[in-house]
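K.L.:
pasting the structure only:
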């Protein structure tokens, strides 16, 4: 009986850890998008009000887009229409850099 209880407790522990890991991964992804959006708003030359709206719009895309492809498409479109030159590779590198920053911030906050 004890071994069955231990097995069930262990299973619940794994489920809890998985859920926590998923939550942290989502927070990192959301923070990454937020940091990239702030950077992009500055490059596009948006004022404070426009910038806040722009960042909020991109932040909301995280909820519907796993993998951030919609965010990247939107950014490339906005950069193009505002005459800001950036390659897809440069945008990918930016996401990697901001992902590292976001991970440090989220992990520090959850420690």
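P.N.:
It's in. In this text the structure is predicted, and so the values were computed from the model without any measurement. Numbers count the residues shown, from 1 in each chain.

K.L.:
what is the helix-or-strand element of the chain with minimal mean pLDDT packed up against?
P.N.:
Lowest by mean pLDDT, DSSP states H and E among the helices and strands of the chain is helix 2-44, with a mean of 87. The helices and strands touching helix 2-44, judged by 3 or more Cβ pairs under 8 Å, 6 or more residues apart in numbering; DSSP states H and E, are helix 48-64, helix 69-81, helix 88-110. C-beta: built from backbone N, CA, C; applies to glycine.

K.L.:
can you list the buried residues in the second one?
P.N.:
Within helix 69-81, the residues that qualify as buried by neighbour count (16 or more other Cβ atoms under 10 Å) are 71, 72, 74, 75, 78, 79.

K.L.:
give me the angle between it and helix 48-64.
P.N.:
Going by axes from the mean of the first three to the mean of the last three Cα atoms, to 10 degrees, helix 69-81 is angled at 150 degrees with respect to helix 48-64.

K.L.:
tell me what helix 69-81 is packed against?
P.N.:
Partner elements for helix 69-81 (3+ Cβ pairs under 8 Å, 6+ apart): helix 2-44, helix 48-64, helix 88-110.

K.L.:
contacts for the last one?
P.N.:
Contacts of helix 88-110 with the rest of the structure, by Cβ atoms under 8 Å, 6 or more residues apart in numbering, involve 24, 27-29, 31-32, 34-36, 39, 68, 72, 75-76, 86.

K.L.:
would you turn the helices and strands packed on helix 2-44 into TSV with distance to residue 13 and mean pLDDT?
P.N.:
Putting the helices and strands packed on helix 2-44 into TSV (distance: least, Cβ to Cβ, whole Å; pLDDT from 0 to 100) gives the following:
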stretch	distance to residue 13	mean pLDDT
helix 48-64	29	94
helix 69-81	34	95
helix 88-110	18	96
